[in-house]
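Asker: predicted model, plus sequence, below.
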Amino acid sequence: MKIKCSIDNKSQLLDVNSNKPLNLILIEESGGTIKLSSCNSHLCGNCIVLLNDEAVLSCLIPAFQLKGARIVTFEGYQKSRFFHDLERAYADTGSQPCPHCFNSKTLIFESLLQRIIKEEGTTSRDEEIDEYAIVKELSLNTCPCLDAQEVIAIYNAAAVYRRRRRVRRS
Amino acid sequence: MYEGVRSPAVHMPKTLGDLYFASNRFPKALFWAGGTHIMSRPNYYPDKESPDVISLQGIPELRRISRTEKYLEIGSMVTFEMLLRVGRQVLSPLLQKTLENTATKIIRRQITFGGSLATVGVRYALAGTLAALQGEVEVKGNLGPRTETQWLAVERLYDKQGRLLLKGDELITRIRLSFERETFSTFRVGGSVMQHPEECVYLSLSCTYSQSVINNFKMVITFPTSLFLVPYEVGMMMSGTMLPLSSQHIGRAVKSISDEIMVNATETPHPIQLERAKRFIEASLHELNAQSLSSR
């Protein structure tokens, strides 16, 4: 099956099996430059990517759903200015995910941060992100390197930077 | 590694008419909803015999949420997150709690109602909750010019062991829930269905009572791989009973349901599963007692 999509802002034409999971596609097509786990669907949460700006577990996305999709891996995301908010939050709080789950947890934080911006933009108040929701979202990655307090501290610190960025822009 | 691995043909109908055509032409093809269950099966890929796929994602009729005077109607391709976002005002607390307790937001964006009900081999929490809420599903069979449509109670989709009773060419297109609200409901989950399904238990209970007399009591206990139990006897025993329930009453209910579990489960339940089920029943009935006393 031939699929046209964009990976880290580069347009690509993939020739892959139609039901091949996205994580395997990314690992094989990048020749090893993209680091994702191939957990064979054990839902370890270490294969998160952004698909059309939303975080997804790439092991659950088959190739045929990628037509025209915009895929951003951690390697692409860390070149964006949004990554600096999280980098600074890690530095401020003195805690960060271990090297094993760093990429995935960072992208989960990013998906949470995008949500507050969207909600503030649309003034939707019915979906406030509470601390429980933040910890639960992070629990998608099964690595126990961060405890709940650290997760909340990182999120709050990053949210401050993200809000400032938004204020400056407006 | 991938030598001889078949790349299945993927059909993407845009209307229900196209879907009928595709399902007649490719009767062995697999209906693909959100794909979370299929893709999370170990060793799904690579597989030398992957069947063709009919993806349901492009059919707008299946993604609609609508309300009539009496019912909330949910298309089978509506995702959990869509319903939580759109329908929070009209959702029963039991359904809302079940959806919020299912996976995380990232995965809930992918899980669909139809997919969650029609998985083969594993019964998820949604089925029990919809059965407790006396939900109905629209099932279309013989897809084509003579399509048969029928509304079935959710519990009629499964046998007591939780096996799906739909035929290969039948498709769930809508789910219908009444706006009548239960006075008391509770949802409990123990264990992880993805990591250890043999230890996992779901309990959904919905109950209405007026002036401390129970008029409608429906409990569903689900063991993901071996049981889908609606204990009718206990339901009858509870109807007409005065609240608060006595400890003998609760003890009798727990014993009756445990006996039914042992008779109906496909395999001997894991000890922790049985223990969880018993404690969940007990705790739910105590919670019902507490609510009835506090609302007096």
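Answerer: Everything's here; your move. Residues are numbered from 1 along each chain as shown, chains lettered A, B, ... in the order given.

Asker: please make it C-alpha for all contacts and neighbour counts, starting now.
Answerer: Will do.

Asker: next, the buried residues of stretch B:146-163.
Answerer: B:T149, B:L152, B:V154, B:E155, B:L157, B:Y158, B:K160, B:Q161, B:G162, B:R163 (16 or more other Cα atoms under 10 Å in any protein chain shown).

Asker: same check, this time on stretch A:46-65
Answerer: For stretch A:46-65, a neighbour-count test (16+ other Cα under 10 Å) marks A:46-51, A:54-64 as buried.

Asker: tell me which stretches of chain B form helices.
Answerer: Under the criterion DSSP state H, chain B contains helices at B:16-25, B:36-39, B:80-86, B:93-100, B:105-108, B:113-117, B:125-132, B:232-238, B:247-264, B:271-294.

Asker: tabulate those (a markdown table), appending mean neighbour count, mean pLDDT and distance to B:L171.
Answerer: Formatted as a markdown table, the helices of chain B follow (neighbours: other Cα atoms under 10 Å in any protein chain shown; pLDDT from 0 to 100; distance: least, Cα to Cα, whole Å):
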| stretch | mean neighbour count | mean pLDDT | distance to B:L171 |
| --- | --- | --- | --- |
| helix B:16-25 | 17 | 89 | 10 |
| helix B:36-39 | 19 | 90 | 17 |
| helix B:80-86 | 17 | 89 | 19 |
| helix B:93-100 | 20 | 95 | 22 |
| helix B:105-108 | 20 | 93 | 21 |
| helix B:113-117 | 24 | 96 | 8 |
| helix B:125-132 | 26 | 97 | 16 |
| helix B:232-238 | 16 | 93 | 27 |
| helix B:247-264 | 16 | 94 | 27 |
| helix B:271-294 | 17 | 95 | 31 |
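
Asker: save these as a markdown table, and put in distance to chain A too.
Answerer: Shown next, in a markdown table, are the helices of chain B (distance: least, Cα to the nearest Cα, whole Å):
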| stretch | distance to chain A |
| --- | --- |
| helix B:16-25 | 17 |
| helix B:36-39 | 5 |
| helix B:80-86 | 8 |
| helix B:93-100 | 10 |
| helix B:105-108 | 6 |
| helix B:113-117 | 14 |
| helix B:125-132 | 18 |
| helix B:232-238 | 35 |
| helix B:247-264 | 29 |
| helix B:271-294 | 22 |
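
Asker: of those, which is nearest B:P51?
Answerer: Closest to B:P51 of the helices of chain B is helix B:36-39 (Cα to Cα; 11.9 Å).

Asker: gap between that closest one and the chain center?
Answerer: In terms of Cα atoms, centre = their mean, to the nearest Å, the gap separating the centre of helix B:36-39 from the centre of its chain is 16 Å.

Asker: any residues of chain A in contact with chain B? List them.
Answerer: Residues of chain A found near chain B (Cα under 8 Å from any Cα of the partner chain) are A:1, A:17-21, A:40-43, A:55-57, A:59-62, A:64, A:127, A:136-137, A:140.

Asker: list the ones among these that fall in helices.
Answerer: The helices, defined by DSSP H, take in A:K136, A:E137 from the residues of chain A next to chain B.

Asker: how about the nearest residue to B:T119, chain neighbours excluded?
Answerer: What sits nearest to B:T119 in space, not counting adjacent residues and going by Cα to Cα, 6 or more residues apart in numbering or on different chains, is B:H37, at 7.1 Å.

Asker: tell me the contacts of the residue of chain A most remote from its centre?
Answerer: Within chain A, A:M1 marks the point farthest from the mean C-alpha position, 26.5 Å out by Cα atoms, centre = their mean. Applying Cα atoms under 8 Å, 6 or more residues apart in numbering or on different chains, one finds that A:M1 lies in contact with A:L14, A:D15, A:V16, A:N17, A:S18, A:F64, B:S7.

Asker: pLDDT wise, what is the closest residue to the fourth one other than its chain neighbours at?
Answerer: Think A:N17. Excluding the flanking residues, the one nearest A:N17 by Cα to Cα, 6+ apart is B:S7, at 4.6 Å. On the pLDDT scale, B:S7 is placed at 88.

Asker: wait, what's in contact with B:S7?
Answerer: Each residue near B:S7 by Cα under 8 Å, 6+ apart is listed here: A:M1, A:N17, A:S18, A:N19, B:S50.

Asker: now for the last one, how many residues are close by?
Answerer: This means B:S50. Per other Cα atoms under 10 Å in any protein chain shown, the neighbour tally for B:S50 reads 17.

Asker: need the per-residue pLDDT for A:G68.
Answerer: On the pLDDT scale, A:G68 is placed at 94.

Asker: just the strands in chain A please.
Answerer: A:2-7, A:10-15, A:48-51, A:54-57, A:70-72 (DSSP state E).

Asker: ok, the nearest residue to A:S111 once chain neighbours are set aside - contacts?
Answerer: The shortest distance from A:S111 to any non-neighbouring residue, by Cα to Cα, 6+ apart, is to A:A55 (5.9 Å). By Cα under 8 Å, 6+ apart, A:A55 lies in contact with A:I48, A:V49, A:L107, A:I108, A:S111, B:I106.

Asker: the closest residue to B:W151 other than its chain neighbours pairs with what?
Answerer: Of all residues not flanking B:W151 in the chain, B:E138 sits nearest, at 4.5 Å (Cα to Cα, 6+ apart). B:E138 has the following beta-bridge partners by DSSP bridges: B:W151, B:R174.

Asker: next one: phi and psi at B:E180?
Answerer: phi -60, psi 130 (degrees, to the nearest 10).

Asker: centroid-nearest residue for chain B?
Answerer: Geometric centre of chain B, nearest residue: B:A127, 1.2 Å, by Cα atoms, centre = their mean.

Asker: isn't that one up against B:L117?
Answerer: Yes: using Cα atoms under 8 Å, B:A127 is in contact with B:L117, at 5.8 Å.

Asker: mind checking pLDDT for the residue nearest the centre of chain A?
Answerer: By Cα atoms, centre = their mean, chain A has its centre lying nearest to A:L107, at 2.4 Å. With respect to pLDDT, A:L107 scores 95.

Asker: contacting residues for it?
Answerer: For A:L107, counting by Cα under 8 Å, 6+ apart, the contacting residues are A:I48, A:V49, A:L50, A:A55, A:F74.

Asker: what do you get for B:G141?
Answerer: If you count contacts by Cα under 8 Å, 6+ apart, B:G141 has them with B:T147, B:E148, B:T149, B:D169, B:E170, B:L171.

Asker: so it versus chain A, what's the distance?
Answerer: According to Cα to the nearest Cα, to the nearest Å, B:G141 stands 26 Å off from chain A.
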